[in-house]
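In: Fold the following and give me the result.
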Amino acid sequence: MSMQPGPLNLITDVPGLRVGNASDDAIKTGTTVLMGDAPFTAGVHVMGGAPGTRETDLLAPDKTVEQVDALVLSGGSAFGLDAASGVADALRLAGRGFAVGDQRVPIVPGAILFDLLNGGEKDWAENPYKRLGAEAFHNASTTFDLGTVGAGTGATTAKLKGGLGSASLVLPSGATVGAMVAVNALGSATVGETSHFWAAPFEMSDEFGGLGPAPTFPDTTQVSVKSAQHANTTIGIVATDAALTQAQCTRLAMAAHDGFARALIPSHTPMDGDLIFAASTGAHAMSNPIAETLTVGHAAALCMSRAIARAVYAATPAENDTLPCWSQRHA
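Out: The predicted structure is shown next:
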């Protein structure tokens, strides 16, 4: 039995997970939140040289708190870290959070990308990201849009608009793996000047155009990068219902970075803050943990590479864009 996409081909094919998006089209930015019906085990791995994060230290395998209430991806550079505060406030009002006496403290790690030079109006008088975080929380559902939405609203790559992408796989064991990513890379998701995606060998069911690999192998010593070389960072989440420990979630996040390397050239640069969270709801017990953990990691990398291409493929044009969409250049 081979692996196949779940019914939605979204990270929310993992039972018990929901995703909410909030966008501000005038600013050209937004926020995306992943929530569980209950707290879930999480890990993180950073491979970029310029990350922006909140509460990632507590996800290390030696730390006391092993489960979180939500994970947040946001635009806005350091300003965007405030989106997690909006999510935390909403969770607290809903009675969610780590119990400390009679208090509830929501655990909401987050990561940001840089989208401050994308043609949007950045002259706000008050940081908008706490509001966007709360809106994303209230928009959470099992279905959500891809492309120019949420944390991918203002995202760009070397030559094209980036965006928000997602993909999933159901494993032979019955476990599900999904990925979600906001693609804002220094490098490119497409091969040279062609319409073809670097991730083409991993595409399933024509999910990003069905063009297949580039007809000729490119000169990979020549790569395209943004002219504004500090305006980057691709941030993502992989999730599964396979029962993983915090240490295993950390390894899952590490494995998923292979998806970045397969879909973005170059990736993990000193000017990117490339980061992946990993989440486990723990609902699917593993009968053979060693073999199944390997398969889950492999599936996470496959889902991530596909999600990256889907993000760029689904991007839509907006006023004052600094770059075209894939559909405009390659239709």
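In: what about the stretch 51-200 of the chain, any weak spots by pLDDT?
Out: Within the stretch 51-200 of the chain, no range satisfies pLDDT under 70.
In: Quick one: the helices in it, in order.
Out: Listed in chain order, the helices of the stretch 51-200 of the chain (DSSP state H, counting those that start in this stretch) span 83-93, 129-138.
In: what residues are up against the nearest residue to S85 once chain neighbours are set aside?
Out: In this structure, S85 finds its nearest non-sequential neighbour in K130, 5.1 Å apart by CB to CB, 6 or more residues apart in numbering. Just so you know, the C-beta spots here come from the backbone N, C-alpha and C atoms, and that holds for glycine as well. K130 makes contact with 82-83, 85-86, 89, according to CB atoms under 8 Å, 6 or more residues apart in numbering.
In: of the residues you listed, buried ones?
Out: 82-83, 85-86, 89 (16 or more other CB atoms under 10 Å).
In: ok, of those, which one's closest to G209?
Out: G209 lies nearest to A83 out of those, by CB to CB, at 31.2 Å.
In: And the closest one, how close does it get to A256?
Out: 22 Å (CB to CB, to the nearest Å).
In: now swap in P289 and tell me
Out: Using CB to CB, P289 is found at 18 Å from A256.
In: cool, A99 as well?
Out: 31 Å.
In: likewise L58?
Out: Computed as CB to CB, the L58 to A256 distance reads 20 Å.
In: got it, and G95?
Out: 32 Å.
In: Which residue of the two possesses the greater neighbour count?
Out: A256 (30 against 8; other CB atoms under 10 Å).
In: pLDDT score for that one?
Out: A256 carries a pLDDT value of 98.
In: Quick check, it in contact with G236.
Out: Yes: contact between A256 and G236 holds when scored by CB atoms under 8 Å: they sit 7.1 Å apart.
In: Now the common contact residues for those two.
Out: By CB under 8 Å, 6+ apart, the residues touching both A256 and G236 are 179, 276, 304.
In: Name the nearest of the residues you listed relative to I11.
Out: If you rank the shared contacts of A256 and G236 by distance to I11 using CB to CB, A179 comes first, at 6.1 Å.
In: Tell me what the closest one is bridged to.
Out: On the basis of DSSP bridges, A179 takes part in beta bridges with A167, V238.
In: Let me know whether it touches L169 as I believe.
Out: No: between A179 and L169 there is no contact under CB under 8 Å: 9.0 Å.
In: what is in contact with those two at once?
Out: Applying CB under 8 Å, 6+ apart, one finds that A179 and L169 are jointly contacted by C303.
In: who has more neighbours, these two?
Out: A179 (31 against 26).
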